[in-house]
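Trainee: could you work out the structure for the sequence below:
(chains A and B)
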Amino acid sequence: MEEIRFHGRGGQGTVVAAILMAKAFFKAGLWVQTFPLFGVERRGAPVEAYLRLDQKKIQVRCNIYTPDHVVVQDAKLLSTVDITAGLKPGGWVLLNARQVPENLKPFAGFRLAWVDATQIAVKYGLGTRTHPMINTAMVGAFAGLLKKPPLADVVGAIGEEIAVKTEHNVLAAREAYETVCVHGKVLEADDIKANPIKDIPIDDFHGNQ
Amino acid sequence: MKKVLEGSHAVSEAVKLARVRVVSAYPITPQTHIVEAISEACAEGSLDARFICVESEHSAMAAAIGASSGGVRTFTATSSQGLAYMHELLHWASGARLPIVMAEVNRALAPGWNIWMDQTDSLAQRDTGWIQLYCEDGQEVLDTTLMAFRLAEEVNLPVMVVLDAFFLSHTWEPVDVPDRESADRFLPAFFPRVVVDTANPCNMGQMSPPGVYMEMRHSVQMAMQMAGECLNETEDAFYRVFNRKYGRIEQHLCEDAEIVLVAAGTAVGVCREVVSGLREEGEKVGLLKIRLFRPFPSKIVSEVLKRARKVAVIDRNCSFGVGGIFAQEIKAALFNSDHRPGVYSYIAGLGGRDITPDTVREIYRITRNTEKPEPESVWIGLRPDE
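Mentor: From the prediction side, this is the model:
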């Protein structure tokens, strides 16, 4: 079983991102389970959502404490939320960020990927400039990062779930799929000192695997 | 067709398939998504029903009683404070023998104000004469809601379909949504036995003096006693169409089990996971899932449990002054049995606190290592400093 935790803010479509991902993985043939860590919903407040994936029916139903990967929809959350809490060693952290964060300390022991989902969302007119809807781009970036679920299934899930500007959301997911940046190996002390770290385009990264 | 569906929408899909005619409801978290989807279906015409948006849960049940007395299939949904507010009319619905179906999303009662999972709200209504069914996953929620209408109309008693807040109501997972034709084959149109009819006026709910009241109460009790068997028949009919059934209870690896865990709701899934793990470690452990709480299936429960040495009951609820409510029922069911295992009562996961595999393992460990059950329910996971 794989477990993924999503961090975002109320109003950013974090729960919908998890649902989109669940639907895409389901289309790809997996059993899925997703639910939000439900708080008192307020715009801008930190929110979490969980996604479990397995080949067989998922029995366990509790919050995710030791995720395999985390998706962070707003890099500013790093100053208030321990986004790597319980993250398995070597797990991916996918950030919505223009570039590599200056402070790499929070990511020691993990692998880092980032995508400029905000810029992509603005480019395709999703949400507004001050409040862009970045969730479809984040889902696309995640699929690009792990090369699963297949992009076609992400597109299919967006078609089912997103009724407004469906085409533009698909374009955003596709662009994020192609432009997600990665630091290919687990971040260690030397890397953290050597900031900026070397980033690898996603195609090269997968080409090297 | 199998699709990824929210637990709340598993209820609303079933309500649509059941061709319900009247839905009256008042929104309350975490039940809101259920009636939201139904009101949309009514507005767009995909469900030919009257949606009555009332000003309180007391009125929601009053309107449901009115509609059901008028002879149409009726549904409502609520949670927690809303259910508590309905309490008076819950008695009325069962006493009047109305086959109303209600989805009840388990949520903690205030104060402190809390919107999360806790079974005390529905269990506090155990003496209202409602059949109560507890669900484990999204598929069971959809199937149980469909079954509930057929069962209610067979025995003329209202049915409460109970699902966990968030762990079920807001959880998306693959659910097989039946096609309309199959649903119609399973659930025929509703033909009420008694209907308010202006052409044939009669009194309903009038003064019932000592000479008749006791017989009326006895008829409710007889209907309840039949309901367990009727649920079996309903499930057989459901199985013939959909190839799925759940039972009043489910015993999982109980045959040779020395210790049997007992749970209801989504904690059952967590227990399944733990039981599989413990079995691999060589532990003789089983699991009893309670799906039907009212009428309580005492006979089959005692049949299953009398083979065990110890029984560990996980209650996500508390009857203050007594303890875990399921544990009380289990003890009562076993009392007249020839072989009575020790019943260990645990309270866990109140107000949305998580029941994780570690929680269940701890419960198992305490049960195995303690010779005799404590006289009171043992609270699991309390913070030490409070």
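
Trainee: is the most centrally placed residue in chain A in a bridge, and if so with what?
Mentor: If you average the C-alpha coordinates of chain A and look for the closest C-alpha using Cα atoms, centre = their mean, you land on A:V71, 3.3 Å from that point. On the basis of DSSP bridges, A:V71 is bridged to A:F6, A:L94.

Trainee: now it: how far from A:F6?
Mentor: Between A:V71 and A:F6 the distance, using Cβ to Cβ, to the nearest Å, works out to 5 Å. (C-beta placed from N, C-alpha, C; glycine too.)

Trainee: mutual contacts of these two, please.
Mentor: Contact with both A:V71 and A:F6 is made by residues A:A17, according to Cβ atoms under 8 Å, 6 or more residues apart in numbering or on different chains.

Trainee: how about A:L95: what's its closest non-neighbour residue?
Mentor: If you skip the residues right next to it in sequence, A:L95 has A:W114 as its closest partner in space, 4.4 Å away by Cβ to Cβ, 6 or more residues apart in numbering or on different chains.

Trainee: what's the neighbour count on B:S122?
Mentor: 29 (other Cβ atoms under 10 Å in any protein chain shown).

Trainee: so it sits against B:Q132, correct?
Mentor: Yes: B:S122 sits in contact with B:Q132 when judged by Cβ atoms under 8 Å, with a separation of 6.4 Å.

Trainee: overlap of the contact sets of those two?
Mentor: Taking Cβ under 8 Å, 6+ apart as the contact criterion, the residues that touch both B:S122 and B:Q132 are B:160, B:162.

Trainee: hmm, A:T179 and the residue nearest to A:L95 touching each other?
Mentor: No: counting by Cβ under 8 Å, A:W114 does not reach A:T179; the two are 10.1 Å apart.

Trainee: and these two? Which one has more around it.
Mentor: For A:W114 against A:T179, the residue with the higher neighbour count under other Cβ under 10 Å is A:W114, and the figures read 23 against 19.

Trainee: measure the more buried one to chain B for me?
Mentor: Spatial separation of A:W114 from chain B under the definition Cβ to the nearest Cβ, to the nearest Å is 27 Å.

Trainee: where does that residue land on pLDDT?
Mentor: What the model reports for A:W114 is a pLDDT of 95.

Trainee: elements contacting whatever helix or strand it lives in?
Mentor: In this structure, A:W114 sits in strand A:111-115 according to DSSP states H and E. Strand A:111-115 sits against strand A:92-96, helix A:135-146, strand A:181-183, with contacts defined as 3 or more Cβ pairs under 8 Å, 6 or more residues apart in numbering or on different chains; DSSP states H and E.

Trainee: with mean neighbour count added, can I get these in TSV?
Mentor: Formatted as TSV, the entries for the helices and strands packed on strand A:111-115 read as follows, by neighbours: other Cβ atoms under 10 Å in any protein chain shown:
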stretch	mean neighbour count
strand A:92-96	26
helix A:135-146	29
strand A:181-183	21
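
Trainee: redo these as TSV? Include mean pLDDT.
Mentor: Formatted as TSV, the entries for these read as follows, by pLDDT from 0 to 100:
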stretch	mean pLDDT
strand A:92-96	97
helix A:135-146	97
strand A:181-183	90
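
Trainee: turn these into CSV, including distance to B:A332.
Mentor: Below are the helices and strands packed on strand A:111-115 laid out as CSV (distance: least, Cβ to Cβ, whole Å):
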stretch, distance to B:A332
strand A:92-96, 52
helix A:135-146, 51
strand A:181-183, 60
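
Trainee: quick one, strands of chain A?
Mentor: Ranges of strands within chain A are A:2-9, A:31-37, A:46-54, A:69-72, A:92-96, A:111-115, A:181-183, A:200-201, based on DSSP state E.

Trainee: B:A93: which of the ones you listed is closest?
Mentor: Of all these, it is strand A:31-37 that lies closest to B:A93, at 31.5 Å by Cβ to Cβ.

Trainee: tell me the mean pLDDT over that closest one?
Mentor: If you average the pLDDT values across strand A:31-37, you get 95.

Trainee: near chain B, anything from it?
Mentor: Yes: applying Cβ under 8 Å from any Cβ of the partner chain, one finds strand A:31-37 in contact with chain B at A:31-36.

Trainee: and what about the closest residue to B:R353 other than its chain neighbours, helix, strand or coil?
Mentor: Leaving aside its sequence neighbours, B:R353 sits nearest to B:G381 (Cβ to Cβ, 6+ apart; 6.4 Å). Classification of B:G381 by DSSP: H, G, I helix; E, B strand; the rest coil places it in coil.

Trainee: B:G381 reaches B:D358, doesn't it?
Mentor: No: with contact defined as Cβ under 8 Å, B:G381 does not reach B:D358; the gap is 9.3 Å.

Trainee: so between the two, which is more surrounded?
Mentor: When B:G381 and B:D358 are compared on other Cβ under 10 Å, the one with more neighbours turns out to be B:G381, at 17 against 14.

Trainee: and the more buried one, its phi and psi?
Mentor: With angles defined as degrees, to the nearest 10, B:G381 shows backbone torsions of phi 80, psi 20.

Trainee: that one and chain A: what is the separation?
Mentor: When B:G381 is compared with chain A (using Cβ to the nearest Cβ), they lie 12 Å apart.

Trainee: what does the stretch 51-200 of chain B put close to chain A?
Mentor: B:115-116, B:164, B:166-168, B:170-174.

Trainee: tell me which of those fall in strands.
Mentor: B:164, B:172-174.

Trainee: closest one of those residues to B:R291?
Mentor: Nearest to B:R291 among these is B:D164, at 13.3 Å by Cβ to Cβ.

Trainee: hang on, the closest one packs against B:A108?
Mentor: No: here B:D164 lies out of contact with B:A108, judged by Cβ under 8 Å, at a distance of 11.4 Å.

Trainee: so what's B:H91 scoring on pLDDT?
Mentor: We have a pLDDT of 98 for B:H91.

Trainee: pretty sure it contacts B:G129?
Mentor: Yes: distance between B:H91 and B:G129: 6.6 Å, which falls inside the contact criterion (Cβ under 8 Å).

Trainee: neighbours around A:P201, how many?
Mentor: Burial measure for A:P201: 13 neighbouring residues, criterion other Cβ under 10 Å.

Trainee: tell me what it is bridged to.
Mentor: The residues that A:P201 bridges to, once DSSP bridges is applied, are A:C181.

Trainee: so who does B:S298 touch?
Mentor: B:329, B:332-333.

Trainee: reformat those as a markdown table; add distance to chain A.
Mentor: Conversion of the contacts of B:S298 to a markdown table gives the following (distance: Cβ to the nearest Cβ, whole Å):
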| residue | distance to chain A |
| --- | --- |
| B:E329 | 23 |
| B:A332 | 29 |
| B:A333 | 26 |
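
Trainee: okay, how far is it across stretch A:68-80, tip to tip?
Mentor: Counting by Cα to Cα, to the nearest Å, the length from the leading to the trailing residue of stretch A:68-80 is 21 Å.

Trainee: just the buried residues of that stretch, please?
Mentor: By neighbour count, with 16 or more other Cβ atoms under 10 Å in any protein chain shown as the criterion, the buried positions of stretch A:68-80 are A:68-75, A:77-78.

Trainee: got it, and stretch B:316-331?
Mentor: Of the residues in stretch B:316-331, those buried under the neighbour-count criterion (16+ other Cβ under 10 Å) are B:316-319, B:323-331.

Trainee: can you pull out the low-pLDDT segments for the chain?
Mentor: Just so you know, I chose chain A. Counting by pLDDT under 70, the low-confidence segments of chain A come to A:40-41, A:195-196, A:208-209.

Trainee: oops, I was thinking of chain B
Mentor: B:386.

Trainee: care to break it down by domain?
Mentor: With automatic domain parsing as the criterion, the domains of chain B are listed as B:2-176+B:210-242, B:250-379.

Trainee: pipe the ones you listed into TSV and attach distance to B:A189 per row.
Mentor: As requested, those are arranged in TSV below (distance: least, Cβ to Cβ, whole Å):
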stretch	distance to B:A189
domain B:2-176+B:210-242	7
domain B:250-379	26
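
Trainee: most packed of those domains?
Mentor: Neighbour counts (mean count of other Cβ atoms under 10 Å in any protein chain shown) averaged over each of the domains of chain B peak at domain B:2-176+B:210-242, with a mean of 21.
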